[in-house]
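Asks: 3D model of this:
(one chain, ligands or ions: 1)
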Amino acid sequence: MNNINLVSHPLIEHKLAILRDKNTKPFHFRMLIDEITSYLLYESTKDLTLKEVSINTPIIKTKAKKINQKIMICPILRAALGMLDSVFKLIPDASVGFLGFARDEQTLESKLYFQKLPKDASSRVAIIIDPMFATGSTAINACDLLKKYGVKDIKFISLVASPIGLENFNKFHKDVKIYVASIDECLNENGYIVPGLGDAGDRVFNTL
Ligand code: URA
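Replies: Take a look at the predicted model:
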C-alpha cells in the first residue's frame, strides 16, 4: 500500500507509549496529541510546492521561497479538534473545513451530520485530520465528500490506524496519501483499535 506512510521516530514511539497509557491525564494527553500531530504534519507537507519571492532583509534585497499552495485542514469532529492547534502553529494561514461524522454503534458506519467548507475548497490542498483511523468508514466518506466538491489533492493524518481500516480505505481512495504514527494490531468487536488508546474524543475532552 504505497500511499500509506508510517512515520517512525523514537520521539513518536516514546510519546505514543505515554498517550496509550490509560493513566495519562487529559492535559498531558492533549499535549502529546499536539506534539505527534506536528511530526505527522511535517512529513505530510514535504511535497508542497514553492514559489520564488523577492524580500528585503535588513541587509539586502534577495530571493526566497514561500509555499505556493492554499491549504485546507479538515478536522473530523470532534476528536480532531485536539489536533487543530498543532496545525495552526505550523500553517497559520490554513483554512478550516469542518466535517462532522457520527458513528452508528450497531453497523459501525459513519454518517455525516455537519459540514462547513471554505468557498474555495476545490482549489486547496486538503489535509484531513482524525486521531483514530478505525474501520476506515469515516475516512472513505470524508474523501468522497471532498472529491464531490472538486478537491483534487487530499492527504490524511491519523495517529493510530487499524490494518483493516487502511485496507478498506484503499479499495476507494488509493490516490490519498495517509500519514500515521502507528498501525496497530486489529479492531475489537466494538470497532475500537487494539491496543489503541481508547476513545480519543473522550480522552481529549475529559468526558470519560
Ligand atoms: N475512535 C476512537 O476514539 N478510538 C478507537 O479506538 C476507534 C475509534
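Asks: what's the nearest residue to D130 if we skip its chain neighbours?
Replies: Of all residues not flanking D130 in the chain, I76 sits nearest, at 4.0 Å (CB to CB, 6 or more residues apart in numbering). Where you see a C-beta, it was placed from the backbone N, CA and C, and this is true even at glycine.
Asks: so what are the sheet partners of the helix or strand hosting the one you found and their directions?
Replies: For I76, the element it lies in under DSSP states H and E is strand 71-77. Strand pairing for strand 71-77, using DSSP bridges, gives strand 95-96 (parallel), strand 98-103 (parallel), strand 125-129 (parallel).
Asks: rank these by pLDDT, which is bottom?
Replies: Of all the strands paired with strand 71-77, the minimum mean pLDDT falls on strand 98-103 (a mean of 94).
Asks: quick one: the following helix or strand past it near the ligand?
Replies: Next helix or strand after strand 98-103 toward the C-terminus (DSSP H and E): strand 110-116. No - using CB under 6 Å from any ligand atom, strand 110-116 never reaches the ligand; the gap is at least 9.9 Å.
Asks: could you export strand 110-116 as PDB, CA atoms only?
Replies: The C-alpha coordinates for strand 110-116 follow below in PDB (Å, rounded to 0.1, in the frame of the first residue of the first chain):
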ATOM      1  CA  SER A 110     -20.200   6.700   9.900                       C
ATOM      2  CA  LYS A 111     -22.800   9.300   8.800                       C
ATOM      3  CA  LEU A 112     -22.300  13.000   8.000                       C
ATOM      4  CA  TYR A 113     -24.100  15.400  10.400                       C
ATOM      5  CA  PHE A 114     -22.200  18.600   9.800                       C
ATOM      6  CA  GLN A 115     -20.100  20.200   7.100                       C
ATOM      7  CA  LYS A 116     -18.700  23.700   6.700                       C
END
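Asks: can you pull up the most central residue in the protein?
Replies: Residue closest to the average C-alpha location in the chain (CA atoms, centre = their mean): I129, at 2.2 Å.
Asks: verify the stated contact: it with L84.
Replies: Yes - contact criterion CB atoms under 8 Å: I129 and L84 qualify, at 7.2 Å.
Asks: and among the strands paired with strand 71-77, the most buried is which?
Replies: Among the strands paired with strand 71-77, ranked by average contacts under mean count of other CB atoms under 10 Å, first place goes to strand 125-129 (a mean of 25).
Asks: quick one: is that strand near the ligand?
Replies: No - no part of strand 125-129 sits near the ligand under the criterion CB under 6 Å from any ligand atom; the closest distance found is 13.4 Å.
Asks: mind naming the longest helix for the protein?
Replies: helix 26-44 (DSSP state H).
Asks: okay, buried residues for that helix please.
Replies: 29-34, 36-37, 39-41, 43-44 (16 or more other CB atoms under 10 Å).
Asks: identify the residues contacting stretch 94-104?
Replies: The contact list for stretch 94-104, computed with CB atoms under 8 Å, 6 or more residues apart in numbering, reads 70-78, 84, 87-88, 109-118, 120-121, 124, 126-128, 137-138, 141-142, 145-146, 191.
Asks: pLDDT value on E109, please?
Replies: On pLDDT, E109 comes in at 84.
Asks: phi and psi next, for K66.
Replies: Backbone torsions for K66, taken as degrees, to the nearest 10, come to phi -130, psi 160.
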